[in-house]
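K.L.:
what's the 3D shape of this:
(one chain, ligands or ions: 1)
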Amino acid sequence: MPELPEVETTVRGISPHMLKQTISSVIVRHPLLRWPIPADIDSILRGKIIKTISRRGKYILFGFETGTLILHLGMSGRVRILDKPTSPEKHDHVDICLNNQSYLRLSDPRRFGALLWTASPAEIHPLLSKMGIEPLLKEFNGDYLFQLSRKKKTPVKSFIMDSHIVTGVGNIYATEALFHASIYPNKPAGNISKLDYISLVRAIKLILKNAIAKGGTTLKDFKQSDGNPGYFSIQLKVYGKNGEPCPRCNMKLKSLRIAQRSTIYCSMCQK
Ligand SMILES: [Zn+2]
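P.N.:
Here you go, the predicted structure:
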């Protein structure tokens, strides 16, 4: 599933090809994604110039003089830039065609993604308005988590995965960051010290930044006919390694379910 680093890499990968370009048409072959693609999307976007391309959480936002096109890659979505006519395959649901003859092709086999239009400012759209802080901003810091977590009994792992608190910390990144910061994932969020939150935030930022940097090396793939943006694997220390030795102390890693998500941790290193 595309996580924040993949979405950030996608924004950086498509921007040079799409920014300041005019949309010539939008071809929708299959409008039923997680929500239906607006039936009039072609007439809305035709002739409009893409002024900005940005990311909020896992949403990609195409900004126009007025209005925003909101793209979410869901569980299995990916986009690529093509510049030669190429027959669409089964899951190539949408092409956003540009005046410069190239086009963005959206594939989404499981169709949990979304392509929506809003004429109002994007930040007040219901999908975006209640979203928590961006994890890479400096306002996301140990003090922020410490203040919001007081008296909270929810496990710290659920707390940092709550998108109303901070957006884009998925299961992989939460699991890895808690190991990095030596925090037991099931510990109540309200019982964690400010110092521990400071090191947890550092770990989250470090892991996300490393993943984005790694994604940078795949950018060229956005413009290949067989292009796959490559949902890059960061160097995982514990995620997916139940029963393997802890990379720090060699104890067997354990598994725990928190909010229906499996969590791998070291009972020796994480307190
Ligand atoms: Zn250990």
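K.L.:
in the longest helix along the chain, what counts as buried?
P.N.:
If you go by DSSP state H, the chain has its longest helix at helix 194-216. Using 16 or more other C-beta atoms under 10 Å as the test for burial, helix 194-216 gives 196-201, 203-205, 207-208, 211-212, 214-215. Heads up, the C-betas are built off the backbone N, CA and C, glycines and all.
K.L.:
what about the chain, any weak spots by pLDDT?
P.N.:
The model of the chain has pLDDT under 70 over residues 216-234.
K.L.:
residue numbers of it in contact with the ion?
P.N.:
246, 248-249, 251, 266, 268-269 (C-beta under 5 Å from the ion).
K.L.:
from those residues, which would you call buried?
P.N.:
246, 266, 269.
K.L.:
contacts only, for the closest residue to the second one other than its chain neighbours.
P.N.:
Read it as Cys266. Leaving aside its sequence neighbours, Cys266 sits nearest to Cys246 (C-beta to C-beta, 6 or more residues apart in numbering; 4.1 Å). Cys246 makes contacts with 238, 252-253, 266, 268-269, as judged by C-beta atoms under 8 Å, 6 or more residues apart in numbering.
K.L.:
try 7 Å this time
P.N.:
Going by C-beta atoms under 7 Å, 6 or more residues apart in numbering, Cys246 touches 253, 266, 268-269.
K.L.:
make TSV out of those and add secondary structure and distance to Leu128.
P.N.:
Converted to TSV, those look like this (DSSP: H, G, I helix; E, B strand; the rest coil; distance: C-beta to C-beta, whole Å):
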residue	secondary structure	distance to Leu128
Leu253	coil	36
Cys266	coil	36
Met268	coil	41
Cys269	coil	37
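K.L.:
any idea how far the residue nearest to Glu3 when sequence neighbours are not counted is from Ala259?
P.N.:
Once flanking residues are discounted, Glu3 sits nearest to Gly170: 4.5 Å by C-beta to C-beta, 6+ apart. Remark: distance between Gly170 and Ala259 (C-beta to C-beta, to the nearest Å) = 13 Å.
K.L.:
would you map the strands across the stretch 51-200 of the chain?
P.N.:
Secondary structure of the stretch 51-200 of the chain by DSSP state E, counting those that start in this stretch: the strands cover 52-56, 59-63, 68-72, 78-82, 92-98, 103-107, 114-118.
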